[in-house]
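In: have a look at this fold, sequence not included:
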């Protein structure tokens, strides 16, 4: 990828650089841009209509956040393989039925992260495997209750909101 | 704010640094963290049920994106004042009725950006004022059609998806 990019620092999945951006109106500006490998996030719904909802410590936002299972794509992984791995590691679940709900961008003004959203069904339990820097509790919540938690401001993570609404629409059709 | 932060580079609203994060499980890790002033985004609905939908060039994601009016909070501004300014500058609209729909986080793994979501009603037209680095076209779309565009993958910006769904729920109650 060539964006007249001057690399600044790469730490973990965050690859920070300054790029000279030629805009369609003829203006060229220097932009701070994070190049990111992409991620996958999963709404995993069981036969009773319940989904795993994580409560995860997030240093950057200074506290605990309710989120669906999600994580960054490792080198060589497809989005679907990433989704399968994250669902197992974070929620201890394996799914036999997978559907892609779409893909979203999170901060298009300075980051190219795309989060691939999946619906996973036909679930069986597996062993969880958290990374040393993951602090996560898992509860099971009915999809309708999770949607109500968005309305009450208890779920405010953007990918989780998008995925839950897309899952509801998908399951309705 | 003290996070044992080592500043790396600040360009525009992107303040990039490396922080020593003490996690609740006793582990301490170095994290790349973007500190961000926050933003506001607006669903502005007129008497016919139509909203302004922007098509905006976004260098970081390499193309044009459909988004609701939004922008970063300037120094000294409240989220509401930011919303009023962005709605006027980007969509050429002034609203007399405002409701806050909530606030979302966009990339909680490494950025503290919060986007405040507003519903604006009772609209009148005003002069648009784009920044030199903004390349934006505005169309008017029925709220229901915008929601259908999410389902078809034509709208995939996370804040826009969250705001449109929250606006629909708010208007239903």
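Out: Looks like it came in fine. In this text, all values refer to a predicted model and were calculated from it rather than measured experimentally.

In: only C-alpha atoms for contact and neighbour calcs from this point on.
Out: Fine.

In: nearest spatial neighbour of residue A:92, skipping sequence neighbours?
Out: In this structure, residue A:92 finds its nearest non-sequential neighbour in residue A:128, 4.3 Å apart by C-alpha to C-alpha, 6 or more residues apart in numbering or on different chains.

In: what residues of stretch A:15-23 count as buried?
Out: Buried residues in stretch A:15-23, counted by 16 or more other C-alpha atoms under 10 Å in any protein chain shown: A:15-21, A:23.

In: could you do stretch A:55-73 as well?
Out: Neighbour counts over stretch A:55-73 (16+ other C-alpha under 10 Å) mark A:55-61, A:65-73 as buried.

In: between those residues, which is closest to residue B:85?
Out: For residue B:85, the closest of these turns out to be residue A:61, at 25.7 Å, with distances computed as C-alpha to C-alpha.

In: circling back to that earlier point, quick check, nearest of the buried residues of stretch A:15-23 to chain B?
Out: Here the nearest of the buried residues of stretch A:15-23 to chain B, counting by C-alpha to the nearest C-alpha, is residue A:21; it sits at 6.4 Å.

In: which SS state does the closest one fall under?
Out: Counting by DSSP: H, G, I helix; E, B strand; the rest coil, the backbone at residue A:21 sits in strand.

In: mind listing the residues bridging to it?
Out: residue A:29 (DSSP bridges).

In: give me the mean pLDDT for the host helix or strand of residue A:34.
Out: With elements taken from DSSP states H and E, the one containing residue A:34 is strand A:28-35. Mean pLDDT, computed over strand A:28-35, is 95.

In: ok so, going back, OK, contacts around the residue nearest to residue A:92?
Out: Contacts of residue A:128 were listed using C-alpha atoms under 8 Å, 6 or more residues apart in numbering or on different chains, and they are A:88-93.

In: what about it, which SS state?
Out: At residue A:128, secondary structure determined by three-state DSSP is coil.

In: after the helix or strand hosting residue A:122, which helix or strand is next?
Out: With elements delineated by DSSP H and E, residue A:122 resides in strand A:114-125, which encompasses its position. Taking DSSP H and E as the definition, the helix or strand that follows strand A:114-125 towards the C-terminus is strand A:136-142.

In: tell me the first helix or strand C-terminal of the strand holding residue A:34.
Out: Sequence order places strand A:39-44 as the next helix or strand after strand A:28-35, per DSSP H and E.

In: tell me where the model's unsure across chain A.
Out: Regions of chain A meeting the criterion pLDDT under 70 cover residues A:1-3.

In: and if we set it to 50?
Out: When residues are selected by pLDDT under 50, those of chain A lie in A:1.

In: residues of the top helix by length along it that come out buried?
Out: Counting residues, the longest helix in chain A under DSSP state H turns out to be helix A:158-172. Within helix A:158-172, the residues scored as buried using 16+ other C-alpha under 10 Å are A:158-167.

In: of these, which pair is most distant in space?
Out: The widest separation within these, taken as C-alpha to C-alpha, falls between A:158 and A:167 and amounts to 14.2 Å.

In: hmm, back to that, got the buried residues of helix A:158-172 as CSV, with distance to residue A:109 columns?
Out: Conversion of the buried residues of helix A:158-172 to CSV gives the following (distance: C-alpha to C-alpha, whole Å):
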residue, distance to residue A:109
A:158, 15
A:159, 16
A:160, 20
A:161, 20
A:162, 19
A:163, 21
A:164, 24
A:165, 24
A:166, 23
A:167, 26
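
In: ok, and of these, which contact chain B?
Out: By C-alpha under 8 Å from any C-alpha of the partner chain, the members of these lying near chain B are A:158-159, A:161-162, A:165-166.

In: related to what we said a few turns ago, what does the strand holding residue A:122 rub up against?
Out: Counting contacts by C-alpha under 8 Å, 6+ apart, the residues touching strand A:114-125 from outside are A:38-47, A:79-80, A:83, A:92-106, A:159, A:163, A:167.

In: again, only this time at 6 Å
Out: Surrounding strand A:114-125, the residues in contact under the criterion C-alpha atoms under 6 Å, 6 or more residues apart in numbering or on different chains are A:38-45, A:92-105.

In: quick one: the residue in chain A sticking out farthest from the centre from chain B, how far?
Out: Among the C-alpha atoms of chain A, the one farthest from their average position, using C-alpha atoms, centre = their mean, is that of residue A:26, at 34.4 Å. Counting by C-alpha to the nearest C-alpha, to the nearest Å, the gap from residue A:26 to chain B is 9 Å.

In: likewise for residue A:156?
Out: For residue A:156, the distance to chain B (C-alpha to the nearest C-alpha) stands at 5 Å.

In: for burial, what's the neighbour tally of that residue?
Out: 23 (other C-alpha atoms under 10 Å in any protein chain shown).

In: so who does it touch?
Out: Contact analysis of residue A:156 by C-alpha under 6 Å, 6+ apart lists residue B:104.
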